[in-house]
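Novice: Have a look at this prediction, sequence included:
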Amino acid sequence: MTELRRDPAAILEELRALRDADAPTHGGHILSYVYDSGVAELDALAADAARLVQPVNGLDPTTFTSVAALESAVVGFARDAFNGDDEVVGSVTSGGTESCLLAVKSARDAWRAARAGTPRTPRLVAPVTVHAAFQKAAAYFGLALDLVPVDPATGSAPVAAIEERLGDDVALVVVSAPSYPFATMDPVADVAAVTFPRGIWLHVDACIGGFALAFGPEHPGAAPWDFRVPGVTTLSADLHKYGYAPKGVSVLLTRGRDRQRRQYFATTRWPGYPVVNPTMTGSKPAGPLAAAWAIIQALGADGFAELAARAALAADALRETVEGIEGLRVVGEPAGPLLAVATDETLAPDRRVDPHHWADAARALGWHLQLQPGLTQDGADPLPRTTHLTITPVTADVLGELRPALRAAADEVRGVPAADGRMLLAELAGGPEGAAALATSASGLDSDGAALLLASFGLLGGASALPDRMAPVLALVEALPPELSERLLVELLARVVEPPARGGSR
C-alpha cells in the first residue's frame, strides 16, 4: 500500500496560507474577475456537485452518460434565457475564450467551404471594444482582424462604419452585449440588419453580461440583442460570471445544427479510439459543468432574476456615486452591472481625478478596481484611460462601506496629474534618446533581455512582482509600442510561474 509522503492536514494548511495572500474572492471587495452571488449555500452546493463528478472525464458522454444529461440541461436553460427556438443548439465550453474561439473557427470554416479554392484571407470585423479573445481567435485561425473605431464618449461604433467594411471576404462580424471595457451595448439588431441580407455570420459576445441582462430588469425601449434578432447566428455567455458557477464554464449557442457541427473536430484516422470533440479540449473535467447545473436547479429563472435585480440595484447606486464625485465621469450608457469610469476633462486640471490614481487609492483602502489603459485608435479619436467595475449581487451588501471609500479615494488624488508614460519612459531610459531606442527594442528581445528591462522598471526581482501602485505601470503600457509592452507582459507572467532555480532562489 502506498503511503503518503506528507500529512494531508499540513498540505491543506499550506494551501490555505497561499490563498490568504490572494485578493478576496468573496465579500464584494474585488470588483473584477470574480462573481459573488452572496449566497453561501450556492458555493457549498457547487463544491458538492463538483466533488460528485470529480473522477468523471467529460471526453466521452457515451461512457459517462451523466455528462450528456448535464450538458443538455445547461444548454437548454441558456437557450431559453436567450430566446432561442428548437433550431438553436449549443455546447458547454471551458470559458468565454473557448466559446469565442469556436465561434470564429466555425464561421471561418463555413466561409472557406463556400469559397473553395480562394487564396484570400477571411476578415473578422468588430468594434475595437470587442473582447481580446477575438484577437486571439484571429491569430490562431488565420483571419485578418478589422477593428472599427468607437466614439470615446459612448464606447459605441456607428453601424454605418461597420457596414462600409463589409465585403465578400468577411467571414464574421462580432458585437458585444455589453462590451467589457465600457459596458456599452452594441446595436445588435441594427448590425444584423446589414449582415443578414449579405449572408454574413453575426456573433453576439454576451460572455460577461449575458445572464445578467437576460434575467435583469427590463429597460423601456431596449432593443433586442439575442436570438430574437433573425441575423444572430451564434451567441456566447459565461455561466462562471453571472451564472455564479465556479471557473470555468460557458455556453456557445448556434442557430442551426449544420452551422454548429462546424465547431467539431473528428478523426478515425489513427489506430486509437475514434476522436470526436465538440470543443477544443479532449479530456475535460465535469466539475464546473455539474456545478453550473446544480446552481441552475437551485435558483431557477426566478432566483436568477432576484440576483440580477440585486446586482442592478448596486450598479445604479454606484453609478450615482461616481456621477456625484467631482472629477470623474461614467463612460457612455452602461448596460448591465458594469461601469467604466474616466476623468471628467471638462473641469480644470486641479479638479480632475485620474481614474488610475483613484483605483490605486481605493486599493489602499481595501477595494480592488481594475485599471484599463487608454488606446490610440486608427484614424479616430483616442479612447480614454478608465477604471472598470464589475458589480455583483454581494456588492449591494457592502454599499455602505464602498461608496464612502470611493469618495475618499477621489478626494485623496483630486488634482494629482495623471502618470505620464512618456516621461516615465524617458526617466527610466536616461533621456529621450534612450526612450526612443527602448521603444523600438521589441524585435529580437530575448527572455533575459526582457527580464532586465522589467527589472529596470521595478517589475521583477523584488519581493513582489508588482508595485503597490499600478497607475505608473499602466502609463508605461500606454507609452510603449504594443509589440514591446506585450513582450514584456509575456515575460512577466512567464517568470512569475517559473519554478525556483535549483539550489537557489528565483
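Specialist: Cool, got the structure. These numbers come from a predicted model, not from an experiment.

Novice: which sections of the protein are below the confidence cut-off?
Specialist: The chain contains residues with pLDDT under 70 at 220-221, 428-443, 461-466, 503-506.

Novice: you'd agree Gly415 is up against Thr343?
Specialist: No: counting by Cβ atoms under 8 Å, Thr343 is not a contact partner of Gly415; they are 11.4 Å apart. Where you see a C-beta, it was placed from the backbone N, CA and C, and this is true even at glycine.

Novice: List the residues that are in contact with both of those two.
Specialist: Arg352 (Cβ atoms under 8 Å, 6 or more residues apart in numbering).

Novice: Name the residues of the lengthiest helix in the chain that come out as buried.
Specialist: In the chain, assigned by DSSP state H, the helix with the most residues is helix 287-323. Under the neighbour-count criterion of 16 or more other Cβ atoms under 10 Å, helix 287-323 has 287-296, 299, 303-304, 307-315, 317-319, 321-322 buried.

Novice: just stretch 161-168 next, same as before
Specialist: Using 16+ other Cβ under 10 Å as the test for burial, stretch 161-168 gives Ile162, Glu163, Leu166.

Novice: quick one: contacts for the last one?
Specialist: It refers to Leu166. Contacts of Leu166 (Cβ under 8 Å, 6+ apart): Val125, Val173, Val194, Thr195, Arg198, Ile200.

Novice: Which of the residues you listed fall within strands?
Specialist: Taking DSSP state E, the ones among those that sit in strands are Val125, Val173.

Novice: from the contacts of Leu166, which is closest to Gly421?
Specialist: Comparing the contacts of Leu166 against Gly421 with Cβ to Cβ places Val125 closest, at 30.1 Å.

Novice: Tell me the one of the buried residues of stretch 161-168 nearest Gly96?
Specialist: For these, the nearest to Gly96 is Ile162 (21.9 Å; Cβ to Cβ).

Novice: Helix or strand: which one has that closest one?
Specialist: Using DSSP states H and E, the element containing Ile162 is helix 159-163.

Novice: Helices of the stretch 1-150 of the chain, start to end?
Specialist: For the stretch 1-150 of the chain, applying DSSP state H, counting those that start in this stretch gives helices covering 8-20, 40-52, 65-81, 96-114, 133-141.

Novice: Can you give me the domain assignment for the chain?
Specialist: 48-295, 421-496 (automatic domain parsing).

Novice: export these to CSV and tack on distance to Gly366?
Specialist: As requested, the domains of the chain are exported to CSV (distance: least, Cβ to Cβ, whole Å):
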stretch, distance to Gly366
domain 48-295, 23
domain 421-496, 13
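
Novice: Please tell me I have it right and Val394 contacts Tyr35.
Specialist: No: using Cβ under 8 Å, Val394 is not in contact with Tyr35; the gap is 9.1 Å.

Novice: quick one: contacts for the nearest residue to Arg257 once chain neighbours are set aside?
Specialist: Distance criterion Cβ to Cβ, 6 or more residues apart in numbering; nearest residue to Arg257, sequence neighbours excluded, is Val89 at 5.7 Å. The contact partners of Val89, by Cβ under 8 Å, 6+ apart, come to Val75, Arg79, Leu253, Thr254, Gly256, Arg257, Gln260.

Novice: same question, Ala361
Specialist: With Cβ under 8 Å, 6+ apart, Ala361 has these contacts: Ala408, Ala409, Ala410, Glu412, Val413.

Novice: Kindly report the same for Leu70.
Specialist: Counting by Cβ under 8 Å, 6+ apart, Leu70 has contacts Ala286, Leu289, Ala290, Trp293.

Novice: Show me which residues of stretch 448-467 are buried.
Specialist: So, applying 16+ other Cβ under 10 Å, buried residues of stretch 448-467: Ala450, Ala451, Leu453, Leu454, Phe457, Leu459, Leu460.

Novice: In JSON lines, list those residues along with distance to Leu474 and secondary structure.
Specialist: Shown next, in JSON lines, are these (distance: Cβ to Cβ, whole Å; DSSP: H, G, I helix; E, B strand; the rest coil):
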{"residue": "Ala450", "distance to Leu474": "19", "secondary structure": "helix"}
{"residue": "Ala451", "distance to Leu474": "21", "secondary structure": "helix"}
{"residue": "Leu453", "distance to Leu474": "17", "secondary structure": "helix"}
{"residue": "Leu454", "distance to Leu474": "15", "secondary structure": "helix"}
{"residue": "Phe457", "distance to Leu474": "12", "secondary structure": "coil"}
{"residue": "Leu459", "distance to Leu474": "12", "secondary structure": "coil"}
{"residue": "Leu460", "distance to Leu474": "17", "secondary structure": "coil"}
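
Novice: For Phe241, grab phi and psi.
Specialist: Slight slip there: residue 241 is Lys, not Phe. phi -110, psi -100 (degrees, to the nearest 10).

Novice: Correct me if wrong: it contacts Leu213.
Specialist: No: using Cβ under 8 Å, Lys241 makes no contact with Leu213, being 11.3 Å away.

Novice: higher neighbour count, Val394 and Tyr35?
Specialist: Using other Cβ atoms under 10 Å as the criterion, Val394 and Tyr35 rank with Tyr35 on top: 27 against 21.

Novice: what number of residues lie near Asp354?
Specialist: With other Cβ under 10 Å as criterion, Asp354 counts 25.

Novice: Against Thr343, how distant is it?
Specialist: Separation of Asp354 from Thr343 (Cβ to Cβ, to the nearest Å): 6 Å.

Novice: With that, I have no additional questions.
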